[in-house]
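S.K.: Output the structure for:
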Amino acid sequence: MKIGDYLRTAGAAAIVALCLAVGACSERVNREDFATQLRGKTEPETLKFAGKPATVDDESADRHLWTYTDRTFDVNNQNKFDARTIVVFTRSAEGKLVVTEVKFE
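M.R.: As a prediction, this is how the structure comes out:
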């Protein structure tokens, strides 16, 4: 292999690494934006915005809990990441499960 081939390979590897790093960061959202975007949303709408949760507790027909891990950060605490973000769905007057609360741990 020539030196130019090594440089192209190294450059391609660096670009892939950068894309992966930027992509991983793009999913994290500050607490306020996350909660504001989700309030009043249904489960399909939440799934579209926030993606698949780490765990789902849907044992109760009237209350579902979705837990996200390392998804949000606290701007008021030096941008520290929250270990868990819990999205609480409860029944609305129309009978739909909608986000009524977001808890950060």
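
S.K.: going forward, measure contacts and count neighbours with C-alpha atoms only.
M.R.: Fine.

S.K.: So Ile86 is in contact with Arg71, correct?
M.R.: No - judged on C-alpha atoms under 8 Å, Ile86 makes no contact with Arg71 at a distance of 10.3 Å.

S.K.: Have a look at those two and say which one is more surrounded.
M.R.: The neighbour comparison of Ile86 against Arg71 (other C-alpha atoms under 10 Å) goes to Arg71, with 21 against 18.

S.K.: where does this protein dip in pLDDT?
M.R.: In the predicted model, the chain carries pLDDT under 70 at residues 1, 4, 6-7, 10-26.

S.K.: can you give me the helices for this structure?
M.R.: For the chain, the helices defined by DSSP state H occupy 3-26, 31-38, 43-50.

S.K.: What's the local residue count around Ser92?
M.R.: Around Ser92 there are 14 residues (other C-alpha under 10 Å).

S.K.: Report the contact partners of it.
M.R.: Contacts of Ser92 were listed using C-alpha atoms under 8 Å, 6 or more residues apart in numbering, and they are Val98.

S.K.: go again using 10 Å as the cut-off
M.R.: 40, 42, 62, 98-100 (C-alpha atoms under 10 Å, 6 or more residues apart in numbering).

S.K.: among those, which ones are buried?
M.R.: Buried members of the contacts of Ser92, counted by 16 or more other C-alpha atoms under 10 Å: 40, 42, 98-100.

S.K.: Contacts only, for the spatially most central residue of the chain.
M.R.: For the chain, the residue nearest the mean C-alpha position is Arg71 (4.1 Å; C-alpha atoms, centre = their mean). Counting by C-alpha under 10 Å, 6+ apart, Arg71 touches 25-31, 34, 50, 53, 81-85.
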